[in-house]
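Asker: Predicted model and sequence follow; I will ask about them next.
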Amino acid sequence: MENLKYVGTRNKNITATASQAILKGICDDGGLFIPEKMPKLDKTLEQLSELDYKGLAYEILKLFLTDYTEEELKYCINGAYDEKFDTPEIAPVVKKADVSILELFHGKTIAFKDMALSILPYLMKTAAKKNGIDKKIVILTATSGDTGKAALEGFANVEGIKIIVFFPEDGVSPVQKLQMVTQEGSNTCVAGINGNFDDAQTAVKTIFTDKELEKELNDNGFMFSSANSINIGRLLPQVVYYFQAYIKMAKMGEIKLGDKINVVVPTGNFGNILAGYFAKQLGLPVKTFICASNINNVLYDFFKTGKYDKNRKFNVTMSPSMDILISSNLERLICMSSSQEKTKELMESLSKDGKYTLDLTNGIIKGEYATEEETAEAIKDIYKKTGYVMDTHTAVAYASYEKYKKERNDNTPTVIVSTASPYKFTKDVLKSIDKKYADMEFFPLMKELEKISGVKIPEPIKGLENKPILHKNVIEKNEIKEFIKKQLIK
Ligand SMILES: *Cc1c(COP(=O)(O)O)cnc(C)c1O
């Protein structure tokens, strides 16, 4: 097969193979890697529906990761999608009320980040081997709550790799925080920062383009990479489950193969939905993507008006993994919809003035958003109607979908991408169902959730309350660079 080249979003002369792009994580000029051209499926939907998740993953990933051999890719896929997931389906689809729900929370950290972060360490190790890397790889990760734990879980005790995670000290759920600060593994490091996710992500992105630091680390035998969705290796494995959702909907009789569907994605950094957009480019029949935001609704405004403006209040919501005002992966969509020159100009404007204008209002991605009340109402409503308990992020998507459907009178069969288990946001979920849970302690609440939902407390968070806290660092956002140096250069 022809080798697919990756190019920078701000300069098309920055090029890399797939494995090099995964190793680097981000371009030297701060741009992101995208495929130079979109590959096309070489199998029919009928053929794909014969495959299990691993088989599907191979058929999709081989189109993008063309410098990996078949043997290497299958090794990565088999290592990732195994008994770490609590169902052999890996990503099941359930039908509740008027929608299909794609459950992406059956992995080790009970959020959708596991879908990509189970395989990224394998892809990265393989990439290091292929490219003769003899340095220790340092994975720098900014997290709005879920990436951190999923990356720690994936990279813990992987030889030749060290992982450092920064999370907003006051911006994650109690389970998210406990999951991270109790992480074992001698190569793991976790720090809370006094700031929000955007602060953490911007600081980490700046470090990736700091030439002086790069040299200093290089001299000490280290190189940086990223486990955030700025890394193309995070995005590509996420393309797979959009096909899985479609095929399952066909098997359940919701659609016939070839019919178009709508897809609703609770969105923060725009990685998940962009993977869906890639799936559509490959040939998945999608009519509309609904990009669902919480009240940090920059993306809603952007898709409605063509104006992106992050100069606004940052809200801490009950869907914290979507509390983001700078959606990094939008840069990739912008480049795919315009050019490197235009993207560079807009990104400079974003970093200088916090805003830019580009009209994508007529594309296949539409924006919607849900307020906190609408989100709570959605959780309660679905529970009352069906007994199904969904998490706060999924509820943002569901509430957004209901608004969209009403406004546009669109009855296309729809799948909602469910990004986390309700157990990760137990308190807000139960409070939405009944105010009486508001004052209950956290761990009894889990038992309560088990009782009302009929879904067992997931294995990975059982006993979390008794685990020793191993990471106690809390730093200021302007101390990140020094902190990293201290961790690495003794
Ligand atoms: C990360 C995350 C999101 C947002 O996904 P993006 O790819 O950043 O848009 C939504 N929900 C949950 C639970 C998440 O962890």
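Answerer: Perfect, thanks for sending it.
Asker: Going along the chain, name the strands of the stretch 51-200 of the chain.
Answerer: 93-96, 99-103, 136-142, 161-168, 188-194 (DSSP state E, counting those that start in this stretch).
Asker: quick one: the strands in the stretch 351-490 of the chain?
Answerer: Ranges of strands in the stretch 351-490 of the chain, per DSSP E, counting those that start in this stretch, are 355-357, 365-369, 414-418, 473-476.
Asker: Tell me which of those sits most buried.
Answerer: strand 414-418 (a mean of 27; mean count of other C-beta atoms under 10 Å). C-beta: built from backbone N, CA, C; applies to glycine.
Asker: Close to the ligand: what parts of the stretch 301-450 of the chain are there?
Answerer: Taking C-beta under 6 Å from any ligand atom as the criterion, the stretch 301-450 of the chain approaches the ligand at residues 321-322, 393, 419-420.
Asker: Can you pull out the low-pLDDT segments for this structure?
Answerer: Applying pLDDT under 70 to the chain picks out residues 1.
Asker: Repeat the analysis, applying 80 as the threshold.
Answerer: 1-2, 490 (pLDDT under 80).
Asker: Show me which residues of the stretch 51-200 of the chain are close to the ligand?
Answerer: Proximity of the stretch 51-200 of the chain to the ligand (C-beta under 6 Å from any ligand atom) is limited to residues 111-113, 146.
Asker: Those in helices, which ones?
Answerer: The helices, defined by DSSP state H, take in 113, 146 from these.
Asker: ok, which stretches of the stretch 351-490 of the chain are helices?
Answerer: For the stretch 351-490 of the chain, the helices defined by DSSP state H, counting those that start in this stretch cover 372-386, 392-408, 426-433, 442-453, 480-488.
Asker: quick one: the second one to helix 426-433, angle?
Answerer: Angular relation of helix 392-408 and helix 426-433 on a 0 to 180 degree scale: 40 degrees, by axes from the mean of the first three to the mean of the last three C-alpha atoms, to 10 degrees.
Asker: so how far is helix 392-408 from its chain's centroid?
Answerer: 19 Å (C-alpha atoms, centre = their mean, to the nearest Å).
Asker: So what touches that helix?
Answerer: The contact list for helix 392-408 (C-beta atoms under 8 Å, 6 or more residues apart in numbering) reads 99, 101, 264-266, 290, 292-294, 317-319, 321-322, 366, 368-370, 374-379, 382, 390, 410-411, 414, 416-420, 425, 428-429, 432.
Asker: one more time with 6 Å
Answerer: 264, 266, 290, 292, 294, 318-319, 321, 368, 370, 374-375, 378-379, 416, 418-420, 425, 428 (C-beta atoms under 6 Å, 6 or more residues apart in numbering).
Asker: Same check on the shortest one?
Answerer: Applying C-beta under 6 Å, 6+ apart, the contact partners of helix 426-433 are 318, 376, 379-380, 383, 392, 422, 437-438, 445-446, 449.
Asker: ok, of those residues, which come out buried?
Answerer: Neighbour-count burial (16 or more other C-beta atoms under 10 Å) is assigned, among these, to 318, 376, 379-380, 383, 392, 422, 437, 445-446, 449.
Asker: Quickly name whichever of those is closest to Glu254.
Answerer: Each of the buried ones among the contacts of helix 426-433 was scored against Glu254 by C-beta to C-beta, and Tyr383 proved nearest at 21.9 Å.
Asker: quick one, what contacts that closest one?
Answerer: 389, 433.
Asker: One more pass at 10 Å, please.
Answerer: Tyr383 makes contact with 96, 389-390, 422, 429-430, 432-434, 452-453 under the criterion C-beta atoms under 10 Å, 6 or more residues apart in numbering.
Asker: Same check on Val286?
Answerer: Here Val286 is in contact with 242, 246, 260-263, 276-277, 279-280, 364, 412, 415 (criterion: C-beta under 10 Å, 6+ apart).
Asker: Just the buried residues of those residues.
Answerer: For the contacts of Val286, buried by 16+ other C-beta under 10 Å: 242, 246, 261-263, 276-277, 279-280, 415.
Asker: Can you lay out these as a markdown table showing secondary structure and distance to Phe64?
Answerer: A markdown table is the format used below for those (DSSP: H, G, I helix; E, B strand; the rest coil; distance: C-beta to C-beta, whole Å):
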| residue | secondary structure | distance to Phe64 |
| --- | --- | --- |
| Tyr242 | helix | 14 |
| Tyr246 | helix | 18 |
| Ile261 | strand | 22 |
| Asn262 | strand | 24 |
| Val263 | strand | 20 |
| Gly276 | helix | 15 |
| Tyr277 | helix | 14 |
| Ala279 | helix | 11 |
| Lys280 | helix | 14 |
| Val415 | strand | 22 |
